[in-house]
Each structure stands twice: as C-alpha cells, then as structure tokens.
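Q: Build the 3D model from these lines:
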Amino acid sequence: MTEDIDAEMDGTDEATNWNPAFPLSQAIVPDTAAPDPNVHFGSYFVFRKLEQNVRKFKEQEAAFASRLTIDDKERAGAMLVGRLEDGTPVTLQFDEGSHSPVPNNFNYESDKHGSKCPFLGHIRKTNPRGSGGFGQTQAQERQHLMARRGQTYGIRTDNPNDGQMANKPEGGVGLLFMAFNSNLADQFEFTQITWANNPRADEALDVEGSRKGRGDVLEFEQESVAEALDQTPAAHRKHAGLNLVHEPAPATDRG
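A: You can find the predicted model right below:
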C-alpha cells in the first residue's frame, strides 16, 4: 500500500498541497518606539532594484537547452526559473495555461528527483516548500517565509518572444523586489545566503530525497538534472521533455 502511494505521488502532478500562509508575526513586529507597542506595529522592508542582462540570460538558456539536447529553449529557461512564462509552475504541468490566478499551493512531493523542476530552479531554491534540507524541520523552514512581491521595470523595445537574441537588452530593465520581514536575518538574509546564493553548505537533499553532507551545493545542483533524470521513470523524462546527457548544467538564476 505504501509503495502504491509513493508511486502515485511520484507520477501525479498536484498530488499534495502546500499551504503558502504564514502568521502575521512574520511580517510585522511591535514598534517599541511608538506610544503603545501593543497596538503600534512596523516591519523591516527590503527593497532591491535588480538590473537584468536579458541577452546573457537568453544565451545561458540556449546553452542549457543544448546541454539537455532539447530544441525548446523556452522550456530550458522555465526549468532554470521553475515557472513557465505565464507563471505556471513546471512541477505541475508541461505547458503554459494553468489556472488564473496561478496556483501557489503546490509542493515537490511529486517531483522528489527534480525531473520536472530541477533542484537548481530559482523558485525551488528560494522556497523549498518542505524539501529544503539543511537539517531543518518543515516548521523551522517555514519561519524563513516572508511577504514578498516583484515588479518589472524598464521599457522593452524588443518583442520578448521573437526568437532573436541580438536585440535583447543588456541593461536598463529588470526587477523591483519588495519584502516585509519581522526578522531580517532569519527571513530575507537566510533566503538569500543559505538558499539562493550559497555555494557551500553543510547539507542538501540528494536525488532520493534524503539528506547528505555536501561540500559544494553548487556542484550538486549542476549535476542534479542529469543524475535525477537518470534515476527516474521514462514517464518523468517525457514530462520534462528531456533527453538525458551526462553533462552538468549551468547554475543560472533569473534574478
């Protein structure tokens, strides 16, 4: 019975749900300088202006597709980010056109091997949704969640979907990142340092979903696509639209 349940989880999208809600205490804190901290609150607000080199990303996207021996460069880019261009999570379905608004209550229980959304995927790194490792329980992991939003900036003079690369901007466009925190160190800084940009960490998830020590998480992520797809059923490889090549993929995030 347990084996049947595990097989169903591995082969079915949206087999389980993840609750994106977290307590208000993770977004606001009592204002000790206010007349009455019991009713006056504030927040630690993070604002970042992230300029993006779109041309360089598209080049990396093409290189990633080449390493995976697939023709769909947009698919390769979606795997780097974890979402298709309309926001549909790649771990839920192969093509665009998810529900509107795009669901945010998914987890990676049906993608333990990273064959749909690789471990290097931006959204998987910055919110592991219960699969983050680092010796933490799911309750501890959820303490790092924050109220965050992103907004594009700049004027694009090109057609983003024209299939060209030479006309893509190398600057002047990007993302405005905003987040409300009650504890900068435990939320924004932890997410940025320990999850997103950490080239060395004490623990990471291996392709079987158990924890193992690893001196270089970046190397682990670069190899994860080839390793994971090599150990997953053909149905998963078909879902991901990949032909396996034993060559590390570039660890590149879309901002």
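
Q: where along the stretch 51-200 of the chain do the strands fall?
A: 147-153, 174-181 (DSSP state E, counting those that start in this stretch).

Q: Point out the most buried one among the ones you listed.
A: With neighbours defined as mean count of other CB atoms under 10 Å, those peak in mean count at strand 174-181, which reaches a mean of 18. Quick note: C-beta positions are derived from backbone N, CA and C, even for glycine.

Q: Give me the mean pLDDT for that strand.
A: Averaging pLDDT along strand 174-181 gives 96.

Q: Let me have the strands of the stretch 51-200 of the chain in a markdown table, extended by distance to residue 55.
A: Below are the strands of the stretch 51-200 of the chain laid out as a markdown table (distance: least, CB to CB, whole Å):
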| stretch | distance to residue 55 |
| --- | --- |
| strand 147-153 | 16 |
| strand 174-181 | 13 |
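
Q: so which of those strands comes closest to residue 45?
A: With CB to CB, the closest approach to residue 45 among the strands of the stretch 51-200 of the chain belongs to strand 174-181: 5.9 Å.

Q: Quickly run through the sheet partners of the closest one, with directions.
A: Take DSSP bridges as the rule and strand 174-181 pairs in its sheet with strand 44-51 (antiparallel), strand 147-153 (antiparallel).

Q: Quick one: residues in contact with the helix or strand following it.
A: Downstream of strand 174-181, the first helix or strand assigned by DSSP states H and E is helix 190. Helix 190 is contacted from outside by residue 144, using CB atoms under 8 Å, 6 or more residues apart in numbering.

Q: rerun at 10 Å
A: With contact meaning CB atoms under 10 Å, 6 or more residues apart in numbering, helix 190 is reached by 134, 141, 143-144, 146, 183-184, 196, 198.

Q: remind me which residues of the stretch 1-150 of the chain are low pLDDT?
A: 1-16, 98-99, 132-134 (pLDDT under 70).

Q: re earlier: between the strands of the stretch 51-200 of the chain, which one is closest to residue 68.
A: strand 174-181 (25.5 Å).

Q: Other residues contacting the closest one?
A: Residues from elsewhere that reach strand 174-181, judged by CB under 10 Å, 6+ apart: 26-29, 42-54, 144-154, 187-189, 191, 254-255.

Q: could you dump the strands paired with strand 174-181 to CSV with distance to residue 67?
A: What follows is those, written out as CSV (distance: least, CB to CB, whole Å):
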stretch, distance to residue 67
strand 44-51, 25
strand 147-153, 28
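
Q: which one among the contacts of helix 190 gets closest to residue 84?
A: Distances from residue 84 to these, taken by CB to CB, are shortest for residue 196, at 20.6 Å.

Q: what's the closest one in contact with, if anything?
A: Applying CB under 10 Å, 6+ apart, the residues near residue 196 are 122, 125-126, 190, 253.

Q: Just the helices from this structure, written as ranges.
A: Using DSSP state H, the helices of the chain run over 2-11, 54-67, 73-81, 122-126, 138-142, 190, 217-230, 234-240.

Q: and the third one, which residues are buried?
A: If I follow you right, that is helix 73-81. Going by neighbour count (16 or more other CB atoms under 10 Å), the buried part of helix 73-81 is 73, 75-81.

Q: then that helix to PDB, C-alphas only?
A: Extracted in PDB, the C-alpha atoms of helix 73-81 (Å, rounded to 0.1, in the frame of the first residue of the first chain):
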ATOM      1  CA  LYS A  73      15.000  26.900 -25.300                       C
ATOM      2  CA  GLU A  74      12.000  28.400 -23.500                       C
ATOM      3  CA  ARG A  75      11.500  25.100 -21.700                       C
ATOM      4  CA  ALA A  76      15.100  25.200 -20.600                       C
ATOM      5  CA  GLY A  77      14.600  28.700 -19.300                       C
ATOM      6  CA  ALA A  78      11.500  27.600 -17.400                       C
ATOM      7  CA  MET A  79      13.400  24.800 -15.700                       C
ATOM      8  CA  LEU A  80      16.100  27.300 -14.600                       C
ATOM      9  CA  VAL A  81      13.400  29.500 -13.100                       C
END
